[in-house]
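Enquirer: Coordinates for the following, if possible.
(chains A, B, C and D)
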2 protein chains.
Amino acid sequence: MREPFHPQTEDIELAAVMHALSDPVRLEIVARLADTDGENCGGIGDGIDVHKSTLSHHYRVLREAGVTLTTVEGRSRVVRLRTGDLETRFPGLLTSVLAALGRTASLQAD
Amino acid sequence: MREPFHPQTEDIELAAVMHALSDPVRLEIVARLADTDGENCGGIGDGIDVHKSTLSHHYRVLREAGVTLTTVEGRSRVVRLRTGDLETRFPGLLTSVLAALGRTASLQAD
DNA sequence: TGGATGGTTGGGCGATCGTCAAACTAACAT
DNA sequence: ATGTTAGTTTGACGATCGCCCAACCATCCA
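Expert: Predicted coordinates for the structure are as follows:
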């Protein structure tokens, strides 16, 4: 399958990022991505109690807002936080959000 | 008039704050509050092109999320950013948002 | 080729959102 | 008392949201 759409770093909009991070399910996803060094934790819906299509929707919102990077690996997807891009675009923002979630940002280049 | 409802500092929720800061009009309001040392800039709708009731709605969202503090002064309201409370609850968050808006946080105790 | 796996897409549902308009309330001035 | 000023509240509107279900599409393995 084609690689899905991702905004360029400079096209990431603050309002879109804030909106993406305003939903409990998406915050939980982001928290888990932070736990696993920015990578998706094996199977796209690891214990979050929503339908898989709902989860797919949330992953899309995060991706299109520029929060995550989704790459296709065979028949599964790997999702990573765009830690570096976000730090470039909005310094300190993701770090403080992760801190608020009780996580630590593991800064790495994307 | 009665003083309106404000959440306690410890009751401020991340998702609510993120949601409050995910709308362009509200981000503009926050940016202007940051410009005027956290205070409302004379007249609650200073040049933002929305109806006054819409503006009132946005001020309520910000207040109930814990982003702003609204006090009644005669027949007008004074709105301030809850800079200190937010820094306590979610360190660095408001600062990075204001930086993203091209503003500087003027940290003061509320 | 066929079947299972992993995820997306589209439709539909109720709920919430941002907006405006109109009515209302409270504070001040005359 | 009357009017003005400043803002809230209520109700309505279309748009979007989060959710599920069903159908679909790719990929991999037999």
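Enquirer: Could you tell me how many residues sit around A:Asp49?
Expert: Neighbour count of A:Asp49, defined by other Cβ atoms under 10 Å in any protein chain shown: 8. Using the backbone N, CA and C atoms, a C-beta is placed for each residue, glycine as well.
Enquirer: backbone phi and psi for the residue nearest to the spatial centre of chain A, please?
Expert: The residue lying closest to the centre of chain A (Cα atoms, centre = their mean) is A:Thr68, at 3.3 Å. Dihedral angles of A:Thr68 (phi, psi; degrees, to the nearest 10) stand at phi -130, psi 160.
Enquirer: tell me which residues of the longest helix along chain A are tucked away?
Expert: Among all segments of chain A classified by DSSP state H, the helix with the greatest residue count is helix A:52-65. Buried residues in helix A:52-65, defined by neighbour count with 16 or more other Cβ atoms under 10 Å in any protein chain shown: A:Leu55, A:His58, A:Tyr59, A:Val61, A:Leu62, A:Arg63, A:Glu64, A:Ala65.
Enquirer: Look up the pLDDT of the third one for me, please.
Expert: Note for A:Tyr59: predicted pLDDT of 96.
Enquirer: what do you get for the last one?
Expert: Among the per-residue scores, A:Ala65 holds a pLDDT of 98.
Enquirer: And the helices in chain A, which stretches?
Expert: Taking DSSP H, the helices of chain A run over residues A:14-20, A:24-35, A:52-65, A:83-89, A:93-100.
Enquirer: got the angle for the last one vs helix A:24-35?
Expert: Here helix A:93-100 points in a direction 100 degrees away from that of helix A:24-35 (axes from the mean of the first three to the mean of the last three Cα atoms, to 10 degrees).
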